[in-house]
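Student: Structural data only, the sequence is not supplied:
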């Protein structure tokens, strides 16, 4: 991208599930394509989204807005989503639906974001807390603390917490 943009977007990614992986990468890459300077700060479970080997799942438990197949959201009790194997089944079904609809994978969106010059920042405190090594995460990641990121976020046009 030529030159610096006058618009800035900051995103704080805190979730590490498949359904929560999409918003930061979709919004970040779209904003970058529109000329925004974009930085995403991955902290706590959001750090999972930067791992080289992704094994993201969907948790139907505690996710009442999730559309269920076969109208299950109307007749299947919420507590039933805690049954062993439901997370794996829902993850498989969601991945299958996304593939059928031509939705890009998280790996593809992540690569697209990096190519669009979205800066991905791993929270150094979280890296230390969960004993991550740099070799666990993809190339191109920066490491910084909250104070550095807040210095950027404080001057943004859009700041999102996910």
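Tutor: That came in fine, so what should we check first? Note that the coordinates shown come from a computational prediction; the quantities given were computed from them, not determined experimentally. Numbering: from 1, shown residues only.
Student: how much space between the closest residue to residue 13 other than its chain neighbours and residue 93?
Tutor: Distances taken as CB to CB, 6 or more residues apart in numbering put residue 46 closest to residue 13, at 3.6 Å, once the chain neighbours are dropped. Backbone N, C-alpha and C define where each C-beta goes, glycine included. Here the distance between residue 46 and residue 93 works out to 24 Å (CB to CB, to the nearest Å).
Student: Looking at those two, which is more packed in?
Tutor: Comparing residue 46 with residue 93 by other CB atoms under 10 Å, the one with more neighbours is residue 46, at 24 against 14.
Student: That one contacts residue 15, doesn't it?
Tutor: Yes - the pair residue 46 / residue 15 is scored as a contact, 5.8 Å apart, by CB atoms under 8 Å.
Student: and for the two, which residues touch both?
Tutor: residue 162 (CB atoms under 8 Å, 6 or more residues apart in numbering).
Student: Can you identify the element that follows the helix or strand bottoming out on mean pLDDT in the chain toward the C-terminus?
Tutor: Confidence across the helices and strands of the chain bottoms out at helix 72-75, with a mean of 54, counting by mean pLDDT, DSSP states H and E. From helix 72-75 onward toward the C-terminus, using DSSP states H and E, the following helix or strand is helix 86-100.
Student: Over that next one, what's the mean pLDDT, rounded is fine.
Tutor: Averaging pLDDT along helix 86-100 gives 76.
Student: Kindly report the same for stretch 129-147.
Tutor: Rounded mean pLDDT across stretch 129-147 is 96.
Student: Can you give me every residue that contacts the residue nearest to residue 13?
Tutor: 12-16, 20, 24, 162.
Student: What residues does the residue positioned nearest the centre of the chain make contact with?
Tutor: Residue closest to the average C-alpha location in the chain (CA atoms, centre = their mean): residue 21, at 2.8 Å. Contacts of residue 21 were listed using CB under 8 Å, 6+ apart, and they are 15, 49, 56, 106.
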